[in-house]
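A.B. asks: return atomic coordinates for the entry below.
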Amino acid sequence: MVKVDVIVNYFVALAVPRIVFVILKMTKEFGGGPAINSSLKDISFRYGMEEGIGVLIFLGILLYNLSNRLVHKYYSDKIKKERKENKLLTNEILKQINMYPISKPLKQKLISAYILQTYY
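C.D. replies: Numbers count the residues shown, from 1 in each chain. Next up is the predicted model:
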């Protein structure tokens, strides 16, 4: 079963650089190879095509990490909200975290962050 956080992270990491490239390519008045070459050169701030590819890869990695942090923040805020609204105990919160459709590493992060937050 594919988890929600994995889908969001990979979608953001792959789709946003692609959208940036397509938008830059569409702004060129010519098409085909020259548009691709010119777009990659524009992305690299006029250094070259190879650097443009590097910028797109760096953008993908950066967005992957950013979306990973945002998904973690979303679920930790959701846990805090549920605890305040429903006045849940620690065991109930841990059961709730295990029911979320997220990956195991994120569940472990949320559980450890919650336990550290409650006991320290």
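A.B. asks: backbone phi and psi for Tyr47, please?
C.D. replies: According to degrees, to the nearest 10, the main-chain angles of Tyr47 amount to phi -90, psi -40.
A.B. asks: how much space separates it from Ile53?
C.D. replies: Tyr47 sits at a distance of 11 Å from Ile53 (criterion: CB to CB, to the nearest Å). Every residue, glycine included, has its C-beta placed from N, CA and C.
A.B. asks: and the spatially most central residue of the chain, how close does it get to Tyr100?
C.D. replies: The centroid of the chain falls nearest to Ser67 when counting by CA atoms, centre = their mean (2.1 Å). From Ser67 across to Tyr100, the span is 17 Å (CB to CB).
A.B. asks: what of Asp77?
C.D. replies: Applying CB to CB, the value for Asp77 to Tyr100 is 13 Å.
A.B. asks: could you do Leu94 as well?
C.D. replies: Relative to Tyr100, Leu94 is positioned 11 Å away (CB to CB).
A.B. asks: what helices or strands is the lowest-mean-pLDDT helix or strand in the chain leaning on?
C.D. replies: Within the chain, confidence by mean pLDDT, DSSP states H and E is lowest for helix 33-43 among all helices and strands, at a mean of 88. Contacts defined by 3 or more CB pairs under 8 Å, 6 or more residues apart in numbering; DSSP states H and E place helix 33-43 against helix 4-26, helix 49-86.
A.B. asks: buried sites along that helix?
C.D. replies: For helix 33-43, burial by neighbour count (16 or more other CB atoms under 10 Å) applies to Ala35, Ile36, Ser38, Ser39, Leu40, Lys41, Ile43.
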